[in-house]
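Q: quick one, what's the 3D model for this:
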Amino acid sequence: MSIELNFEQRSLGGLKPSQPNGLAAMSLAALGIVYGDIGTSPLYAFKVALQASSGAGFSSGVAAVGLASLIIWSLVIVVSLKYAILILKADNEGEGGVVAMLALLDARHAKKGSWRGYLLVIGLVGAALLYGDGAITPAISVLSAVEGVKVDAPRLAPAVIPITVAILVMLFFVQSKGTGFIGRIFGPVMLAWFAAIAIMGVAAISREPHVLIALTPWPAIAYVGHAPLGVTFATLGAVFLAVTGGEAMYADMGHFGRLPIRLAWFAICLPALVLNYLGQAADVSMHPANAANPFFQMAPGWAHYPLVIFATSATVIASQAIISGVFSLTQQSIQLGFLPRLQIRHTASEEQGQIYVPFANWLLAAATLAAVLVFRSSDALAGAYGIAVSGLMVISTMLAALVAIKWGYNPLLVLAVNGAFLLVDFVFFSANATKLIEGGWFPLLIAGIIAFLMLTWREGLGLVEAVRSVQREDEGPFLASLKQESLHRMPGAAAFLSASPTGIPLALTQHLRHNRALQERVLLVSLIPQSTPHILDADRTSVTSLADGFQRVVIKYGFMEQLDIPAGLAIANTCVPSSELDDISYYIGHETVVASAHVKGMAPWREELFVAMQRNTTPTGSSFCIPSRQAVEIGMEIVI
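A: Numbers count the residues shown, from 1 in each chain. Prediction:
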């Protein structure tokens, strides 16, 4: 997920990553934000894989070593080689993630039915899959940690669900308060977590060192070669749980940089995870009865309850990172026109990256709590987990290949390298697809709804803009009519917002039709989204004089930036001095969209859905940081 917590600070209208002192500090920060999800996978991944391998016919020791080898080499191939080495190169001016790649491929301007149009659909499905993953990750992470109390106190089993629900409710509730303090301790806590799971692994390995053979691929090959096909697919679906969260290193690249993310992975995360999975294999080899919960059973008895508390803290961190990532993804999608405007609150005045999206927060809370109450155990949730992430990995590999070709890499080389990784992705996706009935339908249902809403919103915006373009007057005839008509010119300045950088805004023509008066100085202001994450202030605005005291202002913004029209006008060289911007009137078209069966467009029911979404969007003025006392809305009706 793309996550914005404590490493951003305000510049004009946008976000700029700040630089904590030194590579070590950035790597420590990345530990907490990027690797919380994959770092807590040992809580459940190996346990679920053992359960999936029960029909393979192997002894517990052979199965444990084979599974450890499968997990380790999955981490090497999928996370280390594909993401850390290859995918991290496909950045959009330092930013990563599906939305960033869509912007890089300029799919936002794709026409329906073109190859770019299909690419946009695929990309939006990938973005929507992140929402499905976001609903499952907090549920399975916190639930698997709390289940640790059953190791020493089986009678507490009925309390696991209420405790998990209470923790999750509290987590979602505090989002509106801001997460600055939590964010500052993410890195150190996760560093201690990785140290702890590594030490647990080393202690178990020292008692059963033969499991080190799992560092070679031969036990994995032997397992896959001898297990029945059905068991192999079920096992691979479970093994994939160990690599979920690896996609976060690409999504969060813009906040920490490529080098700190790689350093944190290769120096800390990967060694700790490998040692812990080897330790779980060693413990199960010695004590087959521990297969019910090998992570907690591997620890000494006196450490079980402290470990449950520590694991719960780590899973809360992993969940917080996912929640913040959903907020960031929602903001990016709104900026690029894939979602309607929603209320976005900035929870820290000094850190622009800390945002809170109430609608997304409570929708995600409802989905996460539903997952806990429906599936009721981490084992059952494992059936729902993985299919969304594996689908996203397939899409990311495909988009990365297109980016590489666009950048001029040899297509045959791209096909060979990305094709090999795509084959691995398809194997994991196919393995996870077998869990569709067990629970895989849950995240896919969420992703399907989100993707459908995104596509409906984008297509509806296209229909609205088509109507606007027909109704807009051309600049030449309009300006000529201003000279001929007797209009009262009032002192002061007005800014008319326009969705297009050409033509006359409908709000202006409506204003003149009703009032027959106009301010002496007029600005036609358009916000134009760019395919880059950030725009330099020097390149942000362009001003064109159309007539005396009549100018067009185009304000550019990146998909990671806040939309701030007053800030943009403050740096633009217009006929309205900065000292008078506090008194300028902003005229905004308040459009009432009406669905009609007599106008060619979407299916009637989809048009009604778009109308409902459009009527519940956040008001334009507040979305663009326009003070309410300076905003004037002019109503108009648009029939689609």
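Q: only C-alpha atoms for contact and neighbour calcs from this point on.
A: Will do.
Q: could you point out which residue ranges in the chain have low pLDDT?
A: Applying pLDDT under 70 to the chain picks out residues 1-21, 107-113, 178-184, 347-354.
Q: for it, what's the longest strand?
A: As assigned by DSSP state E, the longest strand anywhere in the chain is strand 517-529.
Q: using PDB, write out every CA atom in the very next helix or strand once past it.
A: Going down the chain from strand 517-529, the next helix or strand is helix 537-540, by DSSP states H and E. The C-alpha coordinates for helix 537-540 follow below in PDB (Å, rounded to 0.1, in the frame of the first residue of the first chain):
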ATOM      1  CA  ASP A 537       6.200  25.500  -7.800                       C
ATOM      2  CA  ALA A 538       8.000  27.000 -10.800                       C
ATOM      3  CA  ASP A 539       6.100  24.800 -13.100                       C
ATOM      4  CA  ARG A 540       2.800  24.800 -11.300                       C
END
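Q: returning to what we had before: and the longest strand of the chain, how far from the chain's centre?
A: Taking CA atoms, centre = their mean, to the nearest Å, one finds strand 517-529 lying 35 Å from the centre of the chain it belongs to.
Q: what helices or strands is that strand leaning on?
A: Secondary structure elements in contact with strand 517-529, counted by 3 or more CA pairs under 8 Å, 6 or more residues apart in numbering; DSSP states H and E, are strand 488-498, strand 550-557.
Q: redo that, cut-off 10 Å
A: Judged by 3 or more CA pairs under 10 Å, 6 or more residues apart in numbering; DSSP states H and E, the packing partners of strand 517-529 are strand 488-498, helix 506-515, strand 541-547, strand 550-557, helix 565-571, strand 585-594.
Q: and the fourth one, what does it pack onto?
A: Put plainly, it is strand 550-557. Other elements packing on strand 550-557 under the criterion 3+ CA pairs under 10 Å, 6+ apart are strand 488-498, strand 517-529, helix 537-540, strand 541-547, helix 565-571.
Q: how about TSV for the ones you listed, with distance to residue 61 and mean neighbour count added?
A: Below are the helices and strands packed on strand 550-557 laid out as TSV (distance: least, CA to CA, whole Å; neighbours: other CA atoms under 10 Å):
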stretch	distance to residue 61	mean neighbour count
strand 488-498	68	18
strand 517-529	57	21
helix 537-540	62	14
strand 541-547	66	15
helix 565-571	64	19
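Q: out of the ones you listed, flag the one nearest residue 315.
A: Nearest to residue 315 among the helices and strands packed on strand 550-557 is strand 517-529 (36.1 Å), distances taken as CA to CA.
Q: that closest one to strand 488-498, inter-axis angle?
A: Relative orientation of strand 517-529 versus strand 488-498 (axes from the mean of the first three to the mean of the last three CA atoms, to 10 degrees): 20 degrees.
Q: strand 517-529: partners in the sheet, and parallel or antiparallel?
A: Sheet pairing here is set by DSSP bridges, and for strand 517-529 it gives strand 488-498 (parallel), strand 550-557 (parallel).
Q: pull the CA atoms of the first one into PDB?
A: When you say that, I think you mean strand 488-498. Output of strand 488-498 as PDB, limited to C-alpha atoms (Å, rounded to 0.1, in the frame of the first residue of the first chain):
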ATOM      1  CA  HIS A 488     -22.000  46.700 -15.300                       C
ATOM      2  CA  ARG A 489     -18.300  46.300 -14.300                       C
ATOM      3  CA  MET A 490     -18.000  46.100 -10.600                       C
ATOM      4  CA  PRO A 491     -14.700  46.800  -8.700                       C
ATOM      5  CA  GLY A 492     -12.900  43.800  -7.400                       C
ATOM      6  CA  ALA A 493     -11.900  40.400  -8.800                       C
ATOM      7  CA  ALA A 494     -13.600  37.100  -9.500                       C
ATOM      8  CA  ALA A 495     -12.200  33.600 -10.200                       C
ATOM      9  CA  PHE A 496     -14.500  31.200 -12.100                       C
ATOM     10  CA  LEU A 497     -13.600  27.600 -11.800                       C
ATOM     11  CA  SER A 498     -13.600  25.500 -15.000                       C
END
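Q: tilt between that strand and strand 585-594?
A: Computed by the same axes, to 10 degrees, the angle separating strand 488-498 from strand 585-594 equals 60 degrees.
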